[in-house]
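*Asks:* Model the structure of this input:
(2 chains)
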Amino acid sequence: MLEGRAITEPLIRAENLTKHFPVTRGLLVGRTTGHVKAVDGVSFTIGRQETLGLVGESGCGKTTTSRLLLRLEEPTAGRVLLDGQDVHALRGLELSRYHTRVQAVFQDPWSSLNPRLRIRDTVAEALVVNRRVTRAGKLERVEEVLHQVGLPLSAAARYPHEFSGGQRQRIALASALAASPELIVLDEPVSALDVSIRAQIMNLLKDLQARQQLSFLLVAHNLATVRYIAHRTAVMYLGRIVEQADTESLYRTPLHPYTKALFAAALPADPDAPRDDMILSGEVPSPIDPPSGCHFHPRCPFAMEQCSRVAPELKAVAPGHVVSCHLY
Amino acid sequence: MAVAAPVVLDVRGLRAYRYTRWGVVRAVDGVSFALGEGETLGLVGESGCGKTMTGLALVRLLPEPAGRIVEGQVLLEGEDLVTKSESEMRRVRGRRISMILQDPQTSLNPVFTIGDQIVEALRLHHSDGERTLATRAEEALRRVKVAAPEQRMRAYPHQMSGGMKQRVVGAIAVAGEPKVLIADEPTTALDVTIQLQYLALLKELQARTRLAMLFITHDFGIVARMCDRVAVMYAGRIVETGPTRTLFRSPRHPYTEALMASVPSMDGSVARLPSIEGQPPPLHDLPAGCRFAPRCAYVDDRCRREYPPIMPVGPAHEAACWRVEPSPSR
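*Replies:* Down below sits the predicted model:
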């Protein structure tokens, strides 16, 4: 399952990525009263033909991280490098090349497709915007990608409302593929779909990755989905990565108390599974005013005195396995 | 585990249709099940299979006149709810049968305080004075473990998190001490660690009041954790029911089997998930025979012609599939 992993320079490298949104008060003259620290110093890499899973609860910053990668947000600090080039410094032709190399598929296939465009026009949009293609070349490419995602050629002339959720997600994937990208950001790609359809789409994603040497950033909250698709997984809590490792070792031996709690909360589909419940008290605090020291300490059952004072560094505890916790 | 407890809710041959301009949507098409005191029955299925319509039909909250019950009985402690008038139903809802919906955002009124909304629910069941009602409301919040209930009483829904709001919805639902609680995907909008808190809370409430719960969900993890028995629904009908463990260990209907196989697991990775190709049939244009036939791996001619009746396959275990028929011809 993990074959074909590259050892060379990663495709994407995020360094100390930070995004703070100002919180303003006042109607006409806004006063900044604080900052939402959505992403607060996040670093990771994504290799060629590799999938990095980003997991965490709502508000942990995983979607903002993916938006920074897509250049939909400007970082407050830090940078994203694609093949060593700072993504947010790209201009002109370079920028338009970037948009063909990095594509996205979003959660909700009902709102991500333009209801007034035929499927072929939606799919060809990335081609038209970013590349000069002939009419015939365009149609040929549309048919090619529709075939790749398992849709009939007759789909090209139809409108989004004629398709079910699973098929729409295939269309969204086809339009992401049209420009032959190297990285696709998948933001909760299957969570809006039914159980029996999810497996179809997840298998398709794996097949496409193997066939077309794609890299994925998979943002998801469903841990089983991430386990099935991602090679490496990073766990986020309040804007920071608290643990990152090979998916296999992370799922076998989660180390950070938050990772443990998150995994314990994912209910296995097995009535005889051991119930090592670790019910966390309270809720995720506000990212406007995150707790001092380790962000997790108010909810952590293992919190020590220093946890409220000193933010733990990310430490390597095994090859490729980093964790930010004073216990290790 | 077995249905030894007295039956509080007995649903017999329930049919609820929606009349739309595309035709008659047969969302609930002959559904029968029984629910015992203190028991949790999971109603599982994909979106559009009719599980929510079933829940709404039980409390008589179908979007009338487009949606209505056309046949069947809903016996709550022996009394048929289908024949009751709306004013009679008002006395039943909340006091004897309650429902929690998926999205706490839409179940609460944004312009009233939490306290007002709980008091409003309590007033339907108690004829106490305002002061006593307020105390009862605080008590209800404390029961669903809302921190600082005195302050929360004055809060508006937008000032609370999703998990907190769903607790308030729960408090309102059990305020009248109903016998039956229908929970329609109550944790889908919540984060996983909050979901676990909420499920534990529901279990606790149930243990204290011997509440019978119908838990509508599509998540097999929740089923495994919460339910004593499971009913699997497909295209408007229940295709299999049985004790939770039996259903997980030896599913008999091909749909149940395929659905369980297609759920990725948290431990032990697989190279490839088996998936069910195709999609459920539209409920206004159902195939003649078994509704799963077009997607079934074991389909034969008879399946395409005749819908199989639900047949016993083991203790408290039934399935609607021709393959489970103990036929002498095979």
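
*Asks:* C-alpha from now on. contacts and neighbour counts both.
*Replies:* Noted.

*Asks:* just the helices in the chain please.
*Replies:* In the absence of a named chain, chain A is used. A:62-69, A:92-101, A:119-130, A:135-148, A:165-177, A:195-212, A:223-229, A:247-252, A:257-265 (DSSP state H).

*Asks:* Chain B is the one I meant
*Replies:* Going by DSSP H, chain B shows helices at B:51-58, B:86-92, B:104-107, B:114-123, B:130-143, B:149-152, B:162-175, B:192-209, B:220-226, B:244-249, B:254-261, B:301-305.

*Asks:* Now the stretch 1-150 of chain A against chain B: closest residue?
*Replies:* Closest to chain B within the stretch 1-150 of chain A is residue A:57: 5.9 Å, counting by C-alpha to the nearest C-alpha.

*Asks:* wouldn't that residue be in contact with residue A:235 here?
*Replies:* No. Counting by C-alpha atoms under 8 Å, residue A:57 does not reach residue A:235; the two are 9.4 Å apart.

*Asks:* re earlier: in terms of pLDDT, where does the residue of the stretch 1-150 of chain A closest to chain B sit?
*Replies:* pLDDT for residue A:57: 86.

*Asks:* Please name the nearest non-neighbouring residue to it.
*Replies:* In space, and not counting its chain neighbours, residue A:57 is closest to residue B:191: 5.9 Å by C-alpha to C-alpha, 6 or more residues apart in numbering or on different chains.

*Asks:* I'd like to know how many residues surround the one you found.
*Replies:* Residue B:191 has 19 neighbouring residues, counting by other C-alpha atoms under 10 Å in any protein chain shown.

*Asks:* That one contacts residue A:60, correct?
*Replies:* No. Residue B:191 lies out of contact with residue A:60 (C-alpha under 8 Å); the separation is 11.1 Å.

*Asks:* where does the stretch 201-330 of chain B come near chain A, residue by residue?
*Replies:* For the stretch 201-330 of chain B, the contact set with chain A under C-alpha under 8 Å from any C-alpha of the partner chain comprises B:218, B:220-225, B:244-245, B:248, B:259, B:262-267, B:269-277, B:279.

*Asks:* spatially speaking, which residue is in the middle of the chain?
*Replies:* In the absence of a named chain, this looks at chain A. residue A:219 (2.8 Å; C-alpha atoms, centre = their mean).

*Asks:* you looked at the wrong chain, it should be chain B
*Replies:* residue B:216 (2.8 Å).

*Asks:* just checking, that one touches residue B:43?
*Replies:* Yes. Assessed by C-alpha under 8 Å, residue B:216 is found in contact with residue B:43 at 4.7 Å.

*Asks:* shared neighbours of the two, anything?
*Replies:* Residues touching both residue B:216 and residue B:43 (C-alpha atoms under 8 Å, 6 or more residues apart in numbering or on different chains): residue B:51.

*Asks:* I'd like to know which elements the lowest-mean-pLDDT helix or strand in chain B is packed against.
*Replies:* Ranking every helix and strand in chain B by mean pLDDT, DSSP states H and E puts helix B:104-107 at the bottom, with a mean of 84. Applying 3 or more C-alpha pairs under 8 Å, 6 or more residues apart in numbering or on different chains; DSSP states H and E, one finds that helix B:104-107 contacts helix B:162-175.

*Asks:* for the chain, which spans come out with low pLDDT?
*Replies:* Because you didn't say which chain, this covers chain A. Within chain A, the stretches with pLDDT under 70 are A:1-8, A:130-132, A:276.

*Asks:* My question was about chain B, not that one.
*Replies:* For chain B (pLDDT under 70), the answer is B:1-4, B:268-269, B:327-330.

*Asks:* give me phi/psi at the residue nearest to residue A:282 when sequence neighbours are not counted?
*Replies:* Among residues not flanking residue A:282 along the chain, residue A:299 sits closest, at 6.7 Å (C-alpha to C-alpha, 6+ apart). Here is the backbone geometry of residue A:299 (degrees, to the nearest 10): phi -110, psi 0.

*Asks:* So residue A:299 versus chain B, what's the distance?
*Replies:* In this structure, residue A:299 and chain B are 11 Å apart, going by C-alpha to the nearest C-alpha, to the nearest Å.

*Asks:* from memory that residue sits against residue A:285, does it?
*Replies:* No. At 9.4 Å, residue A:299 does not count as touching residue A:285 under the criterion of C-alpha under 8 Å.

*Asks:* mind listing what the spatially closest residue to residue B:259 that is not a sequence neighbour touches?
*Replies:* Closest residue to residue B:259 apart from its sequence neighbours, by C-alpha to C-alpha, 6+ apart: residue A:196 at 6.0 Å. Residues near residue A:196 by C-alpha under 8 Å, 6+ apart: B:46, B:259, B:262, B:263, B:275, B:276.

*Asks:* these two touch, right, the fifth one and residue B:262?
*Replies:* Yes. With contacts counted by C-alpha under 8 Å, residue B:275 reaches residue B:262, the gap being 5.3 Å.

*Asks:* which neighbours do the two share?
*Replies:* A:196, A:199.

*Asks:* Spell out which residues sit in contact with residue B:37, please.
*Replies:* So residue B:37 contacts B:5, B:6, B:7, B:8, B:179, B:210, B:211, B:212 (C-alpha under 8 Å, 6+ apart).

*Asks:* Tell me how many other residues crowd residue B:95.
*Replies:* 20.

*Asks:* Quick one: residues contacting residue 17.
*Replies:* In the absence of a named chain, this looks at chain A. Residues near residue A:17 by C-alpha under 8 Å, 6+ apart: A:39, A:40, A:41, A:42, A:43, A:65, A:75, A:76, A:77, A:78, A:79, A:80.

*Asks:* try chain B instead
*Replies:* Contacts of residue B:17 (C-alpha under 8 Å, 6+ apart): B:24, B:25, B:26, B:27, B:28, B:29, B:67, B:68, B:69, B:70.

*Asks:* Only whichever of those residues are buried, select them in PyMOL.
*Replies:* Here is the PyMOL selection string for the buried members of the contacts of residue B:17, based on 16 or more other C-alpha atoms under 10 Å in any protein chain shown:
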select buried, chain B and resi 25+26+27+28+29+67+68+69
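
*Asks:* Turn the contacts of residue B:17 into JSON lines, columns for distance to chain A.
*Replies:* Below are the contacts of residue B:17 laid out as JSON lines (distance: C-alpha to the nearest C-alpha, whole Å):
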{"residue": "B:24", "distance to chain A": "19"}
{"residue": "B:25", "distance to chain A": "17"}
{"residue": "B:26", "distance to chain A": "19"}
{"residue": "B:27", "distance to chain A": "17"}
{"residue": "B:28", "distance to chain A": "19"}
{"residue": "B:29", "distance to chain A": "21"}
{"residue": "B:67", "distance to chain A": "23"}
{"residue": "B:68", "distance to chain A": "26"}
{"residue": "B:69", "distance to chain A": "27"}
{"residue": "B:70", "distance to chain A": "28"}
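
*Asks:* Among the contacts of residue B:17, which ones are in strands?
*Replies:* B:24, B:25, B:26, B:27, B:28, B:29, B:67, B:68, B:69, B:70 (DSSP state E).

*Asks:* Now the second one: closest residue in space, sequence neighbours ignored.
*Replies:* This points to residue B:25. residue B:284 (4.2 Å).

*Asks:* do the third one as well
*Replies:* If you skip the residues right next to it in sequence, residue B:26 has residue B:17 as its closest partner in space, 4.7 Å away by C-alpha to C-alpha, 6+ apart.
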